[in-house]
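Trainee: Here is my input, please return the structure:
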Amino acid sequence: MPSPKTPELRQASAPVPYAQALTEMEARNRAIADGTAEELVWLLEHPPVYTAGTSAAADELLDPRFEVFEAGRGGRYTYHGPGQRIGYILLNLGERGRDVRCFVHSLEGWVIATLADLGLESWRAEGRVGIWTKDIDGREAKIGAIGVRVRRWVTMHGFSVNLAPDLSHFTGIVPCGIEEFGITSLERLGIGLAPEAFDKALLARLDDFLASLEGKACSLP
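Mentor: Numbers count the residues shown, from 1 in each chain. Below is the predicted model of the structure:
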C-alpha cells in the first residue's frame with residue numbers, strides 16, 4: 001500500500017475565533033472520514049478563551065472571565081489565547097496505523113523535538129498529560145498542552161505551546177486539572193520567538209512525526 005500523502009498545511013496569521021475553528025475542524029474531520037478532503041495540519045492562535053474537555057470538573061473553572069466552550073476533546077480545562085501557538089492535527093489513522101496511543105505519543109514527541117531544536121529541553125511526565133520543562137524557579141512547569149479526539153479513525157484537536165501568552169489568564173482555571181504545578185512560556189524562559197519561527201521549526205519535523213505513526217516506528221516506553 002502506498003504511503004499516505006503529506007497533509008494540507010494551513011497557517012493562520014490572525015487569531016481565529018474558537019467557535020469558527022471548532023466548526024471548521026469538525027466539518028473537515030467528517031470530510032476526511034468520507035474521503036472527500038485531504039488531511040490537515042492547521043497552525044493558529046485564538047482570542048482568549050477557556051475550553052472544557054470531556055473530563056472537565058466544574059470546580060476547576062475558577063474565574064470564567066473569558067467565554068467557555070465545550071471542546072469535545074479529551075482532557076479538562078485549558079486556556080487558549082494570543083501568544084500561544086496551536087496545532088490542530090487532522091489525520092486519517094485508518095491509513096496511518098490505527099493506533100491512538102501511538103498518535104498521542106508521537107504528537108508529544110513532535111513538540112518535544114521542536115522545542116529541543118529551539119534550545120529548550122522538555123519532556124513527558126508520567127501521570128500528567130502535556131509537555132513539561134523547568135521553570136525559572138527550577139520547578140517543573142507546563143509549557144504545552146495535548147488534547148485529542150478521534151472519530152471514525154480521523155483525529156482532531158491536537159496541541160498548544162506557550163510562546164508568549166499572558167500567563168495570568170491561566171489563573172481563571174485549574175489548567176488540565178493539575179493544581180500543584182505552574183504554567184510557563186518560552187518568553188518567560190528567555191526565548192523570544194515569533195509564531196512564524198515556531199511554525200518553521202515544527203514543520204521541519206513534520207515528516208519525522210508522520211513516519212513515527214507507521215507501524216513499528218512508533219516505539220512506546
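
Trainee: Grab the nearest non-local neighbour of residue 51.
Mentor: Nearest-residue entry for residue 51: residue 71, 4.1 Å, with adjacent residues in sequence omitted and distances by Cβ to Cβ, 6 or more residues apart in numbering. (Glycine included, C-beta is placed from N, CA and C.)

Trainee: Show the contacting residues for the one you found.
Mentor: Residue 71 makes contacts with 22, 51, 52, 53, 78, 147, 157, as judged by Cβ atoms under 8 Å, 6 or more residues apart in numbering.

Trainee: what sits against the second one?
Mentor: For residue 51, the contact set (Cβ under 8 Å, 6+ apart) comprises 18, 68, 69, 70, 71, 73, 77, 78, 79, 80.

Trainee: The fourth one and residue 168, how far apart?
Mentor: Pointing back at residue 70 there. Applying Cβ to Cβ, to the nearest Å, one obtains 24 Å for the distance of residue 70 from residue 168.

Trainee: what about the two, which has more around it?
Mentor: Neighbours of residue 70 and residue 168, each counted by other Cβ atoms under 10 Å, are more numerous for residue 70; the result is 11 against 8.

Trainee: Would you mind naming the helix or strand containing the residue nearest to residue 188 when sequence neighbours are not counted?
Mentor: For residue 188, ignoring the flanking residues on the chain, the nearest one in space by Cβ to Cβ, 6+ apart is residue 136 at 6.4 Å. Secondary-structure assignment from DSSP states H and E places residue 136 in no helical or strand segment.

Trainee: neighbours around residue 136, how many?
Mentor: As a burial measure, residue 136 scores 11 neighbours (other Cβ under 10 Å).

Trainee: Likewise for residue 193?
Mentor: The burial count for residue 193: 18, using other Cβ under 10 Å.

Trainee: starting at the chain centroid, how far to the strand ranked longest in the chain?
Mentor: Within the chain, and with DSSP state E defining each element, the longest strand by residue count is strand 140-151. Between the centre of strand 140-151 and the centre of its host chain there is 5 Å, according to Cα atoms, centre = their mean, to the nearest Å.

Trainee: Give me the sheet partners of it and which way each runs.
Mentor: Each strand that strand 140-151 pairs with, and the sense of that pairing, follows from DSSP bridges: strand 128-134 (antiparallel), strand 154-162 (antiparallel), strand 182-183 (parallel).

Trainee: Dump the second one to PDB, keeping only the CA atoms.
Mentor: Coordinates of each C-alpha in strand 154-162 appear next as PDB, following Å, rounded to 0.1, in the frame of the first residue of the first chain:
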ATOM      1  CA  VAL A 154      -9.800  10.600  12.000                       C
ATOM      2  CA  THR A 155      -8.000  12.800  14.600                       C
ATOM      3  CA  MET A 156      -8.900  16.300  15.600                       C
ATOM      4  CA  HIS A 157      -7.700  18.900  18.100                       C
ATOM      5  CA  GLY A 158      -4.000  18.500  18.900                       C
ATOM      6  CA  PHE A 159      -1.600  20.600  20.900                       C
ATOM      7  CA  SER A 160      -0.800  24.100  22.200                       C
ATOM      8  CA  VAL A 161       2.600  25.600  23.000                       C
ATOM      9  CA  ASN A 162       3.100  28.700  25.100                       C
END
